[in-house]
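Trainee: how does the following fold in three dimensions:
(chains A and B)
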Amino acid sequence: QKEVEQNSGPLSVPEGAIASLNCTYSDRGSQSFFWYRQYSGKSPELIMSIYSNGDKEDGRFTAQLNKASQYVSLLIRDSQPSDSATYLCAADLSGGSYIPTFGRGTSLIVHP
Amino acid sequence: DVKVTQSSRYLVKRTGEKVFLECVQDMDHENMFWYRQDPGLGLRLIYFSYDVKMKEKGDIPEGYSVSREKKERFSLILESASTNQTSMYLCASSLGSAQAAIYFGEGSWLTVV
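Mentor: Now for the predicted structure:
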C-alpha cells in the first residue's frame, strides 16, 4: 500500500530554534509534495509545495526534497509559539491522478 | 486567493436523518474532494470529482453519496446518519493538472446523536 509516513510527535522546540519535520513516502513515482499546517480545530492550510530535488525557501520555511531517499522535510527557522500546530505532509502517490495522500501529521509545540 | 466555502460549520443531527453538506469553490477548479478527519486516523478521502456530474469513490465511501451538478458546487450526502459518522468533514478543490495543490474549506463539524 502506498503511504506517507510522519512521526506523530509531539516535537517540542524552544522559541527561536529550528524545527525540523520529516516525512517519508513509499512511491518512487511521486512527483508533487506539499506541507500543510493545521491549527487545533481548524482546517489544513497549504504552506509549501515542492516538486524538484533540493531546497525551496519561503520566508522562515524551507522545504527539502530528496527523491532518491524518498523523504521530504520542512524546516521552520526562528520558531514562534504561533507555529505550534500539526503539520501534514502530502504526496501525489498516484503518479498523475492529482489526488494527494496525506500523512497523519506531526504535532509541533514551540515553547517560550 | 482560493476560496472554498462550506456553508454549514456546526451541525447536530439525529440518527437516521438525511444530511446535506454543501461546498462551493470560486476558482474554477476541476477537482473537488470530500474528506473526513478523525483523531488518530488522519484525513480519509470519501469521494472526489473530476468534472460536473462525475464522481469517484475514495477510501471510505460507505454510507455517503455526492452530487456535482455545477462545476463550483460539490455536495456530500449522508443518506441515513449514524453516530459513527460524527466527525469533521472537509471539502477541498484543486486544478485538474499536475503539481496542483488542494485547498481546503473551513470544515463542517457534524455530531450525530
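Trainee: next SSE downstream of the lowest-mean-pLDDT helix or strand in chain A?
Mentor: Every helix and strand of chain A was ranked by mean pLDDT, DSSP states H and E. The lowest is strand A:101-102, at a mean of 91. Taking DSSP states H and E as the definition, the helix or strand that follows strand A:101-102 towards the C-terminus is strand A:106-111.
Trainee: who's in contact with the most centrally placed residue in chain B?
Mentor: Chain B has residue B:34 as the residue nearest its centroid, 2.7 Å off, counting by Cα atoms, centre = their mean. Listed by Cβ atoms under 8 Å, 6 or more residues apart in numbering or on different chains, the contact partners of residue B:34 are B:21, B:23, B:45-48, B:58, B:64, B:66, B:74, B:76, B:89-92. For every residue, glycine as well, the C-beta is placed using N, CA and C.
Trainee: one more pass at 10 Å, please.
Mentor: Taking Cβ atoms under 10 Å, 6 or more residues apart in numbering or on different chains, we find residue B:34 in contact with B:21, B:23, B:44-49, B:55, B:58, B:61, B:64, B:66, B:74-77, B:89-92, B:105, B:108.
Trainee: so which of those residues also contact chain A?
Mentor: By Cβ under 10 Å from any Cβ of the partner chain, the members of the contacts of residue B:34 lying near chain A are B:44-45, B:48, B:58, B:90-92, B:105, B:108.
Trainee: list the buried ones in stretch A:42-56?
Mentor: Within stretch A:42-56, the residues that count as buried by 16 or more other Cβ atoms under 10 Å in any protein chain shown are A:43-44, A:46-51.
Trainee: which residues in the chain form strands?
Mentor: No chain was given, so I picked chain A. For chain A, applying DSSP state E gives strands covering A:4-5, A:11-14, A:19-25, A:33-38, A:45-50, A:54-58, A:61-66, A:71-76, A:85-91, A:101-102, A:106-111.
Trainee: let's do chain B instead
Mentor: B:4-6, B:10-13, B:19-21, B:23-25, B:31-38, B:42-49, B:56-57, B:64-70, B:73-78, B:87-94, B:103-104, B:108-112.
Trainee: what's the closest of these to residue A:108?
Mentor: strand B:42-49 (16.2 Å; Cβ to Cβ).
Trainee: quick one: list the elements packing against that closest one.
Mentor: strand A:85-91, strand A:101-102, strand B:31-38, strand B:56-57, strand B:64-70, strand B:73-78, strand B:87-94 (3 or more Cβ pairs under 10 Å, 6 or more residues apart in numbering or on different chains; DSSP states H and E).
Trainee: could you dump those strands into CSV and include distance to residue A:18?
Mentor: Below are the helices and strands packed on strand B:42-49 laid out as CSV (distance: least, Cβ to Cβ, whole Å):
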stretch, distance to residue A:18
strand A:85-91, 14
strand A:101-102, 24
strand B:31-38, 28
strand B:56-57, 41
strand B:64-70, 42
strand B:73-78, 39
strand B:87-94, 30
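Trainee: measure the residue in chain B that chain A sits nearest to to residue A:105 for me?
Mentor: Chain A sits closest to residue B:42 of chain B, with a gap of 3.9 Å, by Cβ to the nearest Cβ. According to Cβ to Cβ, to the nearest Å, residue B:42 and residue A:105 sit 7 Å apart.
Trainee: tell me, what's touching those two both at once?
Mentor: Residues touching both residue B:42 and residue A:105 (Cβ under 10 Å, 6+ apart): A:6, A:8, A:86, A:88.
Trainee: fine by me, we can end here.
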